[in-house]
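1. Build the 3D model from these lines:
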Amino acid sequence: QVQLVESGGALVQAGGSLRLSCAASGGTFSDYAMGWFRQTPGKAREFVAAISRSAYNTYYTNSVKGRFTISRDNTKNTLYLQMNSLKPDDTAVYYCAARGGIGPYIDTRYDYWGQGTQVTVSS
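-> Prediction:
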């Protein structure tokens with residue numbers, strides 16, 4: 001059983017930056033492809049970014065390409081999402097997720113999810 005805990009969410013002005021972290025425990029982190037998703041009230045959870053278990057491959061949704069960077073440190077069992085040039089439309093609860101396999105995976109069929117961290121971007 002893998003436990004995931006996100007941190008780093010905050011209130012930030014448009015154009016600002018944040019780095020989200022996701023600490024994993026209870027499993028072998030390098031066995032899992034990882035992803036970031038986000039959700040706003042009344043909407044389905046949407047894919048943001050994903051990374052293969054080796055960190056060799058990454059994938060982004062179009063709206064964050066060039067602004068967000070997903071990375072992982074398998075020695076620290078931690079996943080990151082560096083978010084730059086933030087926009088009000090990026091406001092959401094951000095979730096990290098783990099899925100057994102090479103990855104990256106862009107659908108929501110992940111095995112484990114964190115509790116989420118709130119990101120609010122003011123205009």
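
2. what about residue 74, how many residues close to it?
-> By other C-beta atoms under 10 Å, the residues close to residue 74 number 16. To be clear about C-beta, it is placed using only N, CA and C from the backbone, and glycine gets the same treatment.

3. does the most centrally placed residue in the chain sit in a helix or strand, and which one?
-> For the chain, the residue nearest the mean C-alpha position is residue 36 (2.4 Å; C-alpha atoms, centre = their mean). Using DSSP states H and E, residue 36 falls within strand 32-39.

4. what comes up buried for that strand?
-> Neighbour-count burial for strand 32-39, counted by 16 or more other C-beta atoms under 10 Å, picks out 32-38.

5. and which of these is nearest to residue 6?
-> The shortest gap between residue 6 and any of those belongs to residue 36, at 9.0 Å (C-beta to C-beta).

6. Once you drop chain neighbours, what's closest to that closest one?
-> Nearest non-adjacent residue to residue 36, counting by C-beta to C-beta, 6 or more residues apart in numbering: residue 48, 4.3 Å away.

7. Many thanks, I have nothing further to ask.
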